[in-house]
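Peer 1: give the three-dimensional model of this entry:
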Amino acid sequence: MRASRVVVVSHTAQLGGAETAMLRLLDALDRERFDVRVVLFDDGELRERLAARDIPVEIVALGATSTITRQQTASPLTALRGVAGAIAFTPRLARALRRHRPHLVVANSLKSAAVLSIAAPLLRSPWVWHLHDRLSGDYLPKAARLLLRVIAATGPRRVVANSQATRLTLGRRGRARTTVAYPGLDAPAFSEREAHAADAIGMVGRISETKGQLLFVQAASRLLRTHPDARFRIVGAALFQDGDYEKRVRAAVDSDGLGDRVDFTGWVGEPTEAFAGLRLLVHASPVPEPFGQVVMEGMAASIPVIATRAGGVPEVVDPEGRAAQLADGVWRAAFGLLVRPGDPGALSRAMEWALDHREECDVTAAAARASVAERFTIDATAAIVDSVWTRAARQLRPVVRG
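Peer 2: Now for the predicted structure:
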């Protein structure tokens, strides 16, 4: 059987959560079934990672429109400029996709889905949207949210959501055409960690206001009142347009006198290196996460986790919904501690409890690792996506017109 030709489209070449999830998926998919190519709207590390996997990549530059943030779309003028730029860009994207003669096109980001909703009909090609973001008011301006929900309900053959929490932010018609495929981990993520002195409380991931490093610093300052020997680590760097936020986080460390207690490591490419030396992993997003890959990765590494009780995170840490309250804003779940989002006091109380109950946290971490190994393998993700892509690709023949 000839492989189905699939073109994955993404607006960014920086390595965020959606891009990491797609790389893992492409590693796991059967190349005899899917001939995958990738079209990016910008150049960056993602192109290099794809090239190392012998996956053909083409750059079709979107230009200034690619840098418009979701917050900026709240401005009618900026939103109109973005729409105009996307419309002008669509014919170039359609020509690039047509050269690949795809059986199926896959959007891997919000911007790529918005552009594909216009370009795909020109190609007469079916497309699938891998949705990694919640289409909700706490994340997107109203106009953008409504537009993307309409696209989900009318454009792609299927939507692949990264959690039930993400799926539930779609409208009724969008939910009806959505399949949930949790991001999965490959075998190395479950390998035994080397012995080391694990003493730091850390956050891992890009530095961003949606991730909550500033809340982490505020909680750390409170924790030091009861645990003056505690040490903290922020693993990651600002991506996209988050440089100003990183400056605010560093300024907060200095103003609270935490300079000798908080280490900034910068970007670390491999999770095993990022987690080395961590006693606790903290997830502090004030905005509900669509899924929370870093939480899953920490659990796979047998590190006790503290995470916000919102979005898709409870599906990972508290799958049966049986968390019991320990303190104001703090719950003990089957596979970690959950805290109220945006509350540095609750986060500090959770860290204090974890440090005072180390043996109990270690038992929970072992159970969490076993749970992740059972529920979140990349092979399971690939099997679901294989089925969705295969059904979608069969609905129309590949594009052959020049």
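Peer 1: next SSE after the lowest-mean-pLDDT helix or strand in the chain?
Peer 2: One helix or strand of the chain scores below all others by mean pLDDT, DSSP states H and E: helix 76-100, with a mean of 72. Later in the chain than helix 76-100, the nearest helix or strand by DSSP states H and E is strand 104-107.
Peer 1: alpha carbons of that next one, as CSV, please.
Peer 2: Only the C-alpha atoms of strand 104-107 are listed here, as CSV (Å, rounded to 0.1, in the frame of the first residue of the first chain):
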residue,chain,number,x,y,z
LEU,A,104,-4.0,15.4,3.7
VAL,A,105,-2.9,18.7,5.3
VAL,A,106,-2.5,19.0,9.1
ALA,A,107,-2.6,22.3,11.0
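Peer 1: list the neighbouring strands of that strand plus their orientation.
Peer 2: strand 4-10 (parallel), strand 127-131 (parallel) (DSSP bridges).
Peer 1: residue contacts, Asp328?
Peer 2: Going by CB atoms under 8 Å, 6 or more residues apart in numbering, Asp328 touches Gly345, Ala346, Arg349. Backbone N, C-alpha and C define where each C-beta goes, glycine included.
Peer 1: repeat that with 10 Å
Peer 2: Residues near Asp328 by CB atoms under 10 Å, 6 or more residues apart in numbering: Arg340, Asp343, Gly345, Ala346, Arg349.
Peer 1: next, count neighbours for the first one.
Peer 2: Same thing as Arg340. Arg340 has 18 neighbouring residues, counting by other CB atoms under 10 Å.
Peer 1: same question, the third one
Peer 2: Gly345 is surrounded by 16 other residues when neighbours are defined as other CB under 10 Å.
Peer 1: same thing with Asp356?
Peer 2: Counted with other CB under 10 Å, Asp356 comes out at 11.
Peer 1: same question for Glu45.
Peer 2: Other residues lying near Glu45 total 14 when counted by other CB under 10 Å.
Peer 1: quick one, grab the pLDDT at Arg332.
Peer 2: As predicted, Arg332 sits at a pLDDT of 98.
Peer 1: who's in contact with the host helix or strand of it?
Peer 2: Taking DSSP H and E as the criterion, the element that holds Arg332 is strand 330-333. Applying CB under 10 Å, 6+ apart, the contact partners of strand 330-333 are 305-307, 309, 313-314, 316-326, 337-340, 343, 345-354, 357, 360-361, 364, 368.
Peer 1: can I get the buried part of those as one PyMOL selection?
Peer 2: Restricted to buried positions by 16 or more other CB atoms under 10 Å, the PyMOL selection for these reads:
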select buried, resi 305+306+307+309+313+314+316+317+318+323+326+337+338+339+340+343+345+346+347+348+349+350+351+352+353+354+357+361+364+368
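Peer 1: Gly236 reaches Glu273, doesn't it?
Peer 2: No - if you go by CB atoms under 10 Å, Gly236 and Glu273 don't touch, sitting 12.0 Å apart.
Peer 1: so which of those two has more stuff around it?
Peer 2: Gly236 (22 against 12).
Peer 1: quick check: phi and psi on that one?
Peer 2: When read as degrees, to the nearest 10, the backbone of Gly236 gives phi 140, psi 180.
Peer 1: and it, how far is that from Pro91?
Peer 2: Distance of Gly236 to Pro91, given as CB to CB, to the nearest Å: 38 Å.
Peer 1: same thing with Asp362?
Peer 2: Asp362 is 58 Å from Pro91, by CB to CB.
Peer 1: can you check Arg279 too?
Peer 2: Distance from Arg279 to Pro91, by CB to CB: 54 Å.
Peer 1: in the one helix or strand Glu374 maps to, which residues are buried?
Peer 2: Counting by DSSP H and E, the element that carries Glu374 is helix 358-375. Using 16+ other CB under 10 Å as the test for burial, helix 358-375 gives Cys361, Thr364, Ala365, Ala368, Arg369, Ser371, Val372.
Peer 1: contact partners of that helix?
Peer 2: Counting by CB under 10 Å, 6+ apart, residues outside helix 358-375 touching it are 182, 184-185, 187, 189-190, 279-281, 295-306, 315-317, 319, 332-337, 353-355, 357, 380.
Peer 1: coming back round to it: next step: the contacts of strand 330-333 restricted to strands.
Peer 2: Judged by DSSP state E, those include Val305, Ile306, Ala307, Ala324, Gln325, Leu326, Leu337, Leu338, Val339 as members of strands.
Peer 1: out of the strands paired with strand 104-107, which one sits most buried?
Peer 2: strand 127-131 (a mean of 27; mean count of other CB atoms under 10 Å).
Peer 1: C-alpha coordinates for it, CSV please?
Peer 2: What follows is strand 127-131 as a C-alpha-only set of coordinates in CSV (Å, rounded to 0.1, in the frame of the first residue of the first chain):
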residue,chain,number,x,y,z
TRP,A,127,-7.3,18.8,6.4
VAL,A,128,-7.1,18.0,10.1
TRP,A,129,-6.5,20.4,12.9
HIS,A,130,-4.3,19.3,15.9
LEU,A,131,-5.6,21.7,18.6
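Peer 1: since that was my last question, I'll sign off now.
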